[in-house]
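1. Okay, structure incoming, though there's no sequence with it:
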């Protein structure tokens, strides 16, 4: 199911310290901004303050500069110096080694002997080698001999969200099995490995776990994170252009869930406007005469097409909010044939002023473009779910749209509750604005439909 929004009340302005005074170690932290993103951690001091505020007792720090710069040794030296000078005993440097560079073996030596690092961090997809490359096998052997932990970033950004100039597919982890068995004393940690990278390959995941010397960082791991209410829609299997029979079956599955979990779950009817008459009939069955309160439109038909107009008009009569999936893949050039963009949703809104719409994902990875596309349409709210939980999106949405037009969403199973809530709780906005995003805005949008059905919420 796709979880669109809902969250508990924000309980405190500051996150709690580590439970019971135990160690909280963040194993996946970076200096320097990613080239296509603004970083809130402009200085080590700001990074340190944020980590301490969240109860971290240690953080293993790499440097994004090492991903694209050839002078990896210089980046590693600056990283080690900054951690020693400003790390407060909390920031531990993890250098980078690129085995495609000449004399890379000396970078391993320097990380260990000169900088006294506990491990090194690798970026195979950006450095141009696979895990079955003999140079990688030699690197893992040298790391094992020196007792260095080897961190491998399987991805940095969701491949659907990358700037075209920085595109790199996720690292294929399968060849690691053979290398890990050849060097049983090696210690390997996979970073950014869940979500779309390993989560869909349970067999490989189980074999990597069974290797005994591979561990997994959990930045993209699924979690529940105390979510109070869910808005659900679309049962699998998912079809890009569903027929009426297929979207009716999906809605039947959601109705069955609502029979058992109506105290926790709100249902959105799934439609394909390509079939306008059948969609209107399904809207009547599930919303007008059924238990659902909203509408979900995915990738079956571009949302600026005229076939949507009668659906939007009927939704307004039923006070049912419309959630429209949107994405910018490579600025829209990589979108599916009928996959909508925020620009097209703004066109639909212009034809139906006063009708509330939710811009699902707000363009995904290119959220800055998505926010700009909808900011002139006051009836469109921005959904935060689905893209990478990076710094800046929430702040820009609040600045450009106002906090009252921003809604938390998780996009589970594609993302996790925790990572998506974390981007709101960690944002540089007020507690009152966080409360609006996590709860009050969605409640305001759904309340007319709930009251029409006699539901108190």
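-> Nice, I can see it. Small disclaimer: the values here were computed from a predicted structure and weren't measured.
2. pLDDT wise, what is residue 204 at?
-> Listed pLDDT for residue 204 reads 87.
3. residues near it, how many?
-> Around residue 204 there are 15 other residues, counting by other Cβ atoms under 10 Å. Quick note: C-beta positions are derived from backbone N, CA and C, even for glycine.
4. Same check on the one 3 residues further on?
-> Taking other Cβ under 10 Å as the neighbour definition, residue 207 ends up with a count of 16.
5. Tell me who's in contact with it.
-> Applying Cβ atoms under 8 Å, 6 or more residues apart in numbering to residue 207 gives the contacts residue 177.
6. Backbone dihedrals for it, please?
-> When quoted as degrees, to the nearest 10, the phi and psi of residue 207 stand at phi -70, psi -40.
7. Residue 50 is in contact with residue 39, isn't it?
-> No: Residue 50 lies out of contact with residue 39 (Cβ atoms under 8 Å); the separation is 11.1 Å.
8. ok, now which ones touch residue 342?
-> 326, 328, 359, 362-363, 369-371, 373-374.
9. let's see it at 7 Å
-> 326, 359, 362-363, 370, 373-374 (Cβ atoms under 7 Å, 6 or more residues apart in numbering).
10. Closest to residue 103 out of these?
-> residue 363 (43.0 Å; Cβ to Cβ).
11. What is the burial count for residue 369?
-> 17.
12. Tell me if I'm right that it and residue 329 touch.
-> No: using Cβ atoms under 7 Å, residue 369 is not in contact with residue 329; the gap is 11.4 Å.
13. quick one: residue 357 from residue 304, how far?
-> Distance of residue 357 to residue 304, computed by Cβ to Cβ, to the nearest Å: 12 Å.
14. cool, residue 343 as well?
-> 8 Å.
15. hang on, the earlier thing: keep only those of the contacts of residue 342 that are in strands.
-> Per DSSP state E, strands hold the following members of those: residue 359.
16. Take the contacts of residue 342 and lay them out in CSV including pLDDT and distance to residue 35.
-> Shown next, in CSV, are the contacts of residue 342 (pLDDT from 0 to 100; distance: Cβ to Cβ, whole Å):
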residue, pLDDT, distance to residue 35
326, 96, 24
359, 98, 26
362, 94, 21
363, 90, 19
370, 95, 20
373, 97, 23
374, 98, 26
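17. May I ask which of the contacts of residue 342 has the most neighbours?
-> residue 362 (33 neighbours).
18. and that residue, what does it touch?
-> Shown in contact with residue 362 (Cβ under 7 Å, 6+ apart): 326, 342, 370-371, 382-384.
19. immediately after the lowest-mean-pLDDT helix or strand in the chain, which helix or strand?
-> The helix or strand of the chain with the poorest confidence is helix 417-425; it has a mean of 83 (mean pLDDT, DSSP states H and E). Once the chain leaves helix 417-425, the next helix or strand it forms, by DSSP states H and E, is helix 431-435.
20. Which strands or helices does the helix or strand just after that next one pack on?
-> Using DSSP H and E, the next helix or strand after helix 431-435 towards the C-terminus is helix 441-452. Applying 3 or more Cβ pairs under 7 Å, 6 or more residues apart in numbering; DSSP states H and E, one finds that helix 441-452 makes contact with strand 321-325, strand 406-407.
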